[in-house]
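K.L.:
kindly generate the corresponding structure for this input.
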Amino acid sequence: MTFAPKPLRLRYGFPEFIATIVLALFAVVVIFPLVLPFLFVFKTQLEYAYNPWSFPKSLYLVNFKEAWVAVQIGQGLINTFIVCIGAIVCTIPAAALAGYVFARYKTRFTEVLFYAILIGYFVPVQMVLIPLYKFNIAIGLANTLPGLFLPMGAFGIPFWTLIYRSFFQSLPGELAEAARIDGAGHGGTFFRVMLPLAAPATYLAFLLVFISGWSDYFLSLIMLNDQRLFTMQLRVSQFLNAYGTGRMPRYAAAAIISAAPTVILYAIGHRWIIRGTLAGAIKE
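P.N.:
Okay, here's the model as predicted:
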């Protein structure tokens with residue numbers, strides 16, 4: 001005799017109803033700033049002046065062209081891509097190597113060194129802005145793109161070292177031992193065996209470091225003075241400061257163009273973000 005499993009019944013009472021309402025409100029708060037620019041971007045300047053909160057009567061796409069010229073978006077995109085790629089190159093290789101060493105070669109010295117590096121994760125960038133700016137001047141990196149993405153890498157290495165260390169600890173140690181028996185040295189074991197297995201952590205690091213570099217405003221504002229080197233966030237902010245809300249359709253177009261790369265990248269790679277976040281959570 002076989003017994004059919006009882007269907008799972010979800011309880012939905014008053015507390016669940018309140019939780020649903022609260023979560024829906026939070027969702028509206030998050031989504032509203034993303035939708036708001038589309039309410040303005042397709043309007044003419046005159047239509048926005050008379051009916052700013054109404055739906056556009058037609059798709060006025062000229063705002064994108066005008067914003068591209070007024071904000072100089074082309075150069076801003078190039079500068080921002082350079083900063084993001086530079087931050088990735090400075091962060092991921094160093095963090096992966098350090099995380100592997102701290103996970104596989106545990107001694108008292110490496111443990112002390114790991115926690116010494118981890119202290120950097122708890123140091124806010126605002127605390128070291130003045131000495132960091134003076135240091136950039138001293139070494140000739142003031143008002144340069146390397147002077148921006150090198151500190152980004154330095155502040156990102158402690159966190160990603162922790163992530164890589166946790167991930168490498170979750171991998172079976174027998175894999176490294178088998179590689180050594182086959183004649184692979186330390187470098188071969190890392191690059192040919194362990195690093196490919198850490199692909200989820202690498203994808204996660206690539207996506208989040210890129211998004212963080214693209215979205216940075218505060219550090220860029222302090223480190224860059226030459227307008228030719230301004231990133232997208234600085235250029236859009238400069239346009240808003242110059243014209244205020246009087247050119248809102250153009251500003252909305254610039255904001256949409258500025259946010260598009262990170263939104264597209266997240267839409268494509270969100271599954272890797274979830275996999276990379278959970279990959280090192282369970283240790284065999």
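K.L.:
flag every buried residue along the helix or strand hosting Leu219.
P.N.:
Counting by DSSP states H and E, the element that carries Leu219 is helix 218-223. By neighbour count, with 16 or more other C-beta atoms under 10 Å as the criterion, the buried positions of helix 218-223 are 219-220, 222-223. Where C-beta positions appear, they are placed from N, C-alpha and C, glycine not excepted.
K.L.:
helices and strands around that helix, which ones?
P.N.:
When contacts are defined as 3 or more C-beta pairs under 8 Å, 6 or more residues apart in numbering; DSSP states H and E, helix 218-223 sits against helix 129-138, helix 146-170, helix 232-243.
K.L.:
now distance to Arg104, mean pLDDT and mean neighbour count too, for those helices, in a markdown table please.
P.N.:
Below are the helices and strands packed on helix 218-223 laid out as a markdown table (distance: least, C-beta to C-beta, whole Å; pLDDT from 0 to 100; neighbours: other C-beta atoms under 10 Å):
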| stretch | distance to Arg104 | mean pLDDT | mean neighbour count |
| --- | --- | --- | --- |
| helix 129-138 | 33 | 91 | 13 |
| helix 146-170 | 6 | 92 | 21 |
| helix 232-243 | 39 | 88 | 18 |
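K.L.:
quick one: low-confidence ranges for the protein?
P.N.:
Counting by pLDDT under 70, the chain contains low-confidence ranges at 1-12, 276-284.
K.L.:
quick revisit: can you tell me which of the buried residues of helix 218-223 is closest to Gly244?
P.N.:
Ser220 (21.6 Å; C-beta to C-beta).
K.L.:
leaving out the residues flanking it, which one is nearest to that closest one?
P.N.:
In this structure, Ser220 finds its nearest non-sequential neighbour in Thr231, 5.0 Å apart by C-beta to C-beta, 6 or more residues apart in numbering.
K.L.:
ok, back up a step: could I get the helices and strands packed on helix 218-223 as CSV with distance to Lys65?
P.N.:
Putting the helices and strands packed on helix 218-223 into CSV (distance: least, C-beta to C-beta, whole Å) gives the following:
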stretch, distance to Lys65
helix 129-138, 37
helix 146-170, 29
helix 232-243, 15
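K.L.:
which of these sits closest to Phe32?
P.N.:
Closest approach to Phe32 among the helices and strands packed on helix 218-223 (C-beta to C-beta): helix 232-243, 18.5 Å.
K.L.:
could you dump the closest one to PDB, C-alpha only?
P.N.:
What follows is helix 232-243 as a C-alpha-only set of coordinates in PDB (Å, rounded to 0.1, in the frame of the first residue of the first chain):
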ATOM      1  CA  MET A 232      30.000  59.200 -16.400                       C
ATOM      2  CA  GLN A 233      28.800  59.900 -12.800                       C
ATOM      3  CA  LEU A 234      30.700  63.200 -12.700                       C
ATOM      4  CA  ARG A 235      29.600  64.300 -16.100                       C
ATOM      5  CA  VAL A 236      25.900  63.700 -15.400                       C
ATOM      6  CA  SER A 237      26.300  65.400 -12.000                       C
ATOM      7  CA  GLN A 238      28.100  68.400 -13.600                       C
ATOM      8  CA  PHE A 239      25.300  68.700 -16.100                       C
ATOM      9  CA  LEU A 240      22.600  68.800 -13.400                       C
ATOM     10  CA  ASN A 241      24.600  71.300 -11.400                       C
ATOM     11  CA  ALA A 242      25.000  73.600 -14.400                       C
ATOM     12  CA  TYR A 243      21.300  73.500 -15.600                       C
END
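K.L.:
what's the first helix or strand after that helix?
P.N.:
Stepping forward along the backbone from helix 232-243, the first helix or strand reached (DSSP H and E) is helix 248-279.
K.L.:
remind me what that following helix packs against, helices and strands.
P.N.:
With contacts defined as 3+ C-beta pairs under 8 Å, 6+ apart, the secondary structure elements packing on helix 248-279 are helix 14-40, helix 45-50, helix 62-70, helix 73-104, helix 199-215, helix 232-243.
K.L.:
let's see 6 Å
P.N.:
Secondary-structure packing of helix 248-279 (3 or more C-beta pairs under 6 Å, 6 or more residues apart in numbering; DSSP states H and E): helix 14-40, helix 62-70, helix 199-215, helix 232-243.
K.L.:
doesn't Thr80 make contact with the residue nearest to Ser220?
P.N.:
Yes. The criterion here is C-beta atoms under 6 Å, and Thr231 meets it with Thr80 at 4.4 Å.
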